[in-house]
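*Asks:* Kindly generate the corresponding structure for this input.
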Amino acid sequence: MTEFGVYGDLHVSIEGHVATAEIRRPPNNFFDLELIDGLVSSFTDLDQEDACRAIVLCAEGKNFCAGAQFHNDGSRGGEITAKNPDGSARHLYDAAFDLFSCKTPVVAAIQGAAVGGGLGVACFADFRVAAPEARFTANFARLGFHHGFGLTVTLPSLVGQQKALELLYTGARIKGEEAAEIGLVDKLAPLSDLRAAANDLAVEIATSAPLAVESIRETMRGHLPNAIRLATDREKEEQDRLRTTDDWKEGVNAMNERRLPSFSRK
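*Replies:* Below you'll find the model as predicted:
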């Protein structure tokens, strides 16, 4: 396996026609704008690499991605906005739009937790291979918050509208086997074989004619970037509004204190 490049906390290597992009922020692999921009930069570069026909997205440590890190005061643990070279603002969801605009098929290898925005990152991928012990939760409502990272679009497309509503309203946590049953996960593999199983699927994709796969992917997913843009505009607006409420503060405090929240509708 040959090193392709290092993009902050994202390390990318390539073997044959399959690249492996590993997030290295263990144990929880919390994301911020820098990490998602690293995914965008690396995947854009891989789009230009003729040898690369599929990507395995994986993470070092206990969890695949625990989303954004929130402190007791409700603030985030990483930057979600920055300045573009022209002075305009760049938001995390601008990076999400760019990520969905990348062209190479992605297989996510999911161990541990894919929580909140981390679930959004998992749902960005074309396919998800998970260990039975993996845990998936759209826990936003339990935090007094609105979901994000385009889950408005991706989650219903995978599990159906009604199941997506159930997961979003309740913040229920499901494990790998149930996730496979409802269509959130495509394949299950023992934790010890997880990356190998994800790589095997990526190799299968890479064995097909690359121009044909690219064309099929554009037909099936070409609408996603614009749909994600519209969805994240709404998601961001509601997240900004709800982050000013007492319920948001209570939700974050309850999470950090490992207790049930007591919401006041304020």
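
*Asks:* Apart from its neighbours in sequence, what residue is nearest Asp47?
*Replies:* Lys103 (4.6 Å; C-beta to C-beta, 6 or more residues apart in numbering). For the C-beta atoms, the positions are set from N, CA and C on the backbone; glycine is no exception.

*Asks:* Tell me if Ala19 really is in a helix.
*Replies:* No: going by DSSP: H, G, I helix; E, B strand; the rest coil, the assignment for Ala19 is strand, not a helix.

*Asks:* And the residue nearest to Ala134 when sequence neighbours are not counted, how close does it get to Val129?
*Replies:* Spatial nearest neighbour of Ala134, excluding adjacent residues (C-beta to C-beta, 6+ apart): Gly176 at 4.2 Å. Going from Gly176 to Val129 by C-beta to C-beta, to the nearest Å gives 10 Å.

*Asks:* Between these two, which has more neighbouring residues?
*Replies:* Shown here are Gly176 and Val129; by other C-beta atoms under 10 Å, Val129 has more neighbours (30 against 25).

*Asks:* does that one count as helix, strand or coil?
*Replies:* Going by three-state DSSP: Val129 is strand.

*Asks:* and if you look at Ala96?
*Replies:* helix.

*Asks:* surely Val213 meets Lys103?
*Replies:* No: Val213 sits out of contact with Lys103 when judged by C-beta atoms under 8 Å, with a separation of 9.9 Å.

*Asks:* So for these two, which sits in the more crowded spot?
*Replies:* Neighbours around Val213 and Lys103, counted as other C-beta under 10 Å, are more numerous at Val213. The numbers are 18 against 15.

*Asks:* What are the boundaries of the strands in the stretch 151-266 of the chain?
*Replies:* In the stretch 151-266 of the chain, the strands defined using DSSP state E, counting those that start in this stretch lie at 173-175, 187-188.

*Asks:* Packing partners of the shortest one?
*Replies:* Contact analysis of strand 187-188 by 3 or more C-beta pairs under 8 Å, 6 or more residues apart in numbering; DSSP states H and E lists strand 127-130, helix 176-182 as its packing neighbours.

*Asks:* In contact with Pro17, which residues?
*Replies:* That one is not Pro; residue 17 is His. 51-54, 203, 206-207 (C-beta atoms under 8 Å, 6 or more residues apart in numbering).

*Asks:* Show me the helices in the protein, by range?
*Replies:* In order along the chain, the chain carries the following helices (DSSP state H): 33-47, 92-100, 117-124, 151-159, 161-170, 176-182, 194-207, 210-221, 224-242, 246-256.

*Asks:* which residues sit against the shortest one?
*Replies:* Meaning helix 176-182. Here helix 176-182 makes contact (C-beta under 8 Å, 6+ apart) with 110, 128, 130-136, 159-160, 163, 174, 185-188.

*Asks:* Neighbours of Gln48, how many?
*Replies:* Using other C-beta under 10 Å, the number of residues around Gln48 comes to 9.

*Asks:* how near is it to Thr104?
*Replies:* Going from Gln48 to Thr104 by C-beta to C-beta gives 10 Å.

*Asks:* and if you look at Ser42?
*Replies:* Ser42 sits 10 Å away from Thr104, going by C-beta to C-beta.

*Asks:* Could you turn the buried ones of the contacts of His17 into a ChimeraX selection?
*Replies:* The ChimeraX selection below is limited to those of the contacts of His17 classed as buried (16 or more other C-beta atoms under 10 Å):
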select :52,53,54,203,206
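
*Asks:* For Ser192, see how far away the residue nearest to Asp47 is.
*Replies:* As judged by C-beta to C-beta, Lys103 and Ser192 stand 32 Å apart.
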